[in-house]
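>>> The sequence and its predicted three-dimensional model are supplied below.
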Protein chains: 2
Amino acid sequence: MHESMMARALELAETALKVGEVPVGAVIYKKSGEIVGEGYNFVISSNDPTAHAEIVALRKAAQHQKSARLDGLMMAVTLEPCAMCAQAISHAKIAELRFGAYDVKSGGVQNGARIYDHKTCHHKPDVYGGLMEESCSKILQSFFREKR
Amino acid sequence: MHESMMARALELAETALKVGEVPVGAVIYKKSGEIVGEGYNFVISSNDPTAHAEIVALRKAAQHQKSARLDGLMMAVTLEPCAMCAQAISHAKIAELRFGAYDVKSGGVQNGARIYDHKTCHHKPDVYGGLMEESCSKILQSFFREKR
């Protein structure tokens, strides 16, 4: 199931690519496989510095669930979350986080601020990195190659 | 000027208190003193795990400026930002950050993940903690005392 969710997240990343945004997509889903929130990077188009794929998906899922707490839900995102998104995922009490590509430059889970490694992190999801890593990396590489 | 901005942030924190949210307020302003975005904690009321005072203010300021980048702008917030907000402030390129109370339990600037202390943090605002600290702490203490 998690692979099909990541495949959907990749579709969302492709949508971001089409509108000129950094191609990252995120899906929030139940154990049953029901999707409750989706998002793709939308920072430039929406003039919103917080509109990363994960934040968009979290806000939509919370509206859907009518709660700021998303206990027991899972997220699949094509890129390792940055520190902003990693902490937002913690605030929302997401149970499991799967990401595709690792982000050595701007990641905040297994790189940089390593949000879940601090004693003061009150909720830490189970984290699985590298799911469909090659496809998730490829779309980012093609974006940054074109930008240069 | 910064004290009057923090006084306004405190008024916003009082509004949060009235609606049963953690009393934190934030103001984004230009060097001229013009306020371009404000916010208070609105997580529970809006079913949005990301609706901290700083995020609300950043999104409003970015709409006002018609840009996801808020270069040269300043933020006054009554509480030390968490890691999510600290990273969002970095993404938005806020030039100066002033906060009131220190947050040993959940702060992400001078506590916890210390977002601006990592090599991979691409933009670090100038940070001044402890502005009007006593007033900013008091309102939080009264909130948590009532909760118990």
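Yep, it's here.
>>> OK, contacts around residue A:143?
Each residue near residue A:143 by Cβ atoms under 8 Å, 6 or more residues apart in numbering or on different chains is listed here: A:17, A:22-23. All C-beta spots, glycine's among them, are computed from the backbone N, C-alpha and C.
>>> Return the member of those residues nearest to chain B.
residue A:22 (11.7 Å; Cβ to the nearest Cβ).
>>> If we ignore the residues flanking it in sequence, what's nearest the closest one?
With Cβ to Cβ, 6 or more residues apart in numbering or on different chains as the criterion, residue A:22 has its nearest non-adjacent residue at 4.9 Å, and that residue is residue A:41.
>>> Distance check, the one you found against residue B:106.
Separation of residue A:41 from residue B:106 (Cβ to Cβ, to the nearest Å): 27 Å.
>>> quick one, which of these two is more surrounded?
residue A:41 (27 against 18; other Cβ atoms under 10 Å in any protein chain shown).
>>> Mind pulling up the pLDDT for that one?
pLDDT, residue A:41: 98.
>>> Likewise for residue A:147?
Reported pLDDT at residue A:147 in the predicted model: 75.
>>> what's around it, how many residues?
So residue A:147, with other Cβ under 10 Å, has 8 neighbours.
>>> Please apply the same query to residue A:122.
11.
>>> One more: the one 4 residues further on?
Under the neighbour criterion other Cβ under 10 Å, residue A:126 is assigned a count of 11.
>>> and the gap between it and residue A:75?
Taking Cβ to Cβ, one finds residue A:126 at 11 Å from residue A:75.
>>> Run through the residues that contact the residue nearest to residue A:22.
Contacts for residue A:41 (Cβ under 8 Å, 6+ apart) come out as A:13, A:16, A:21-25, A:51-53, A:56.
>>> pull the longest helix from chain A.
For chain A, the helix with the greatest residue count under DSSP state H is helix A:2-18.
>>> Most neighbours among the contacts of residue A:143, please name it.
residue A:23 (27 neighbours).
>>> Surely that one is in contact with residue A:14?
Yes - if you go by Cβ atoms under 8 Å, residue A:23 and residue A:14 touch, sitting 6.6 Å apart.
>>> before we move on, back to that, against which helices or strands is the longest helix of chain A packed?
strand A:25-29, strand A:35-40, helix A:53-65, strand A:74-79, strand A:96-101, helix A:133-147 (3 or more Cβ pairs under 8 Å, 6 or more residues apart in numbering or on different chains; DSSP states H and E).
>>> rerun at 6 Å
Helix A:2-18 is packed against strand A:25-29, strand A:35-40, strand A:74-79, helix A:133-147, with contacts defined by 3 or more Cβ pairs under 6 Å, 6 or more residues apart in numbering or on different chains; DSSP states H and E.
>>> and it, which residues are buried?
A:2, A:5-6, A:8-10, A:12-13, A:16-17 (16 or more other Cβ atoms under 10 Å in any protein chain shown).
>>> For those, work out which two are farthest apart.
Using Cβ to Cβ, the pair of the buried residues of helix A:2-18 lying farthest apart is A:2 and A:17, separated by 22.5 Å.
>>> Across the sheet, point out what pairs with the closest residue to residue A:61 other than its chain neighbours.
Using Cβ to Cβ, 6+ apart and skipping residues adjacent in sequence, the residue nearest residue A:61 is residue A:37, 2.8 Å away. Per DSSP bridges, the residues bridged to residue A:37 are residue A:28.
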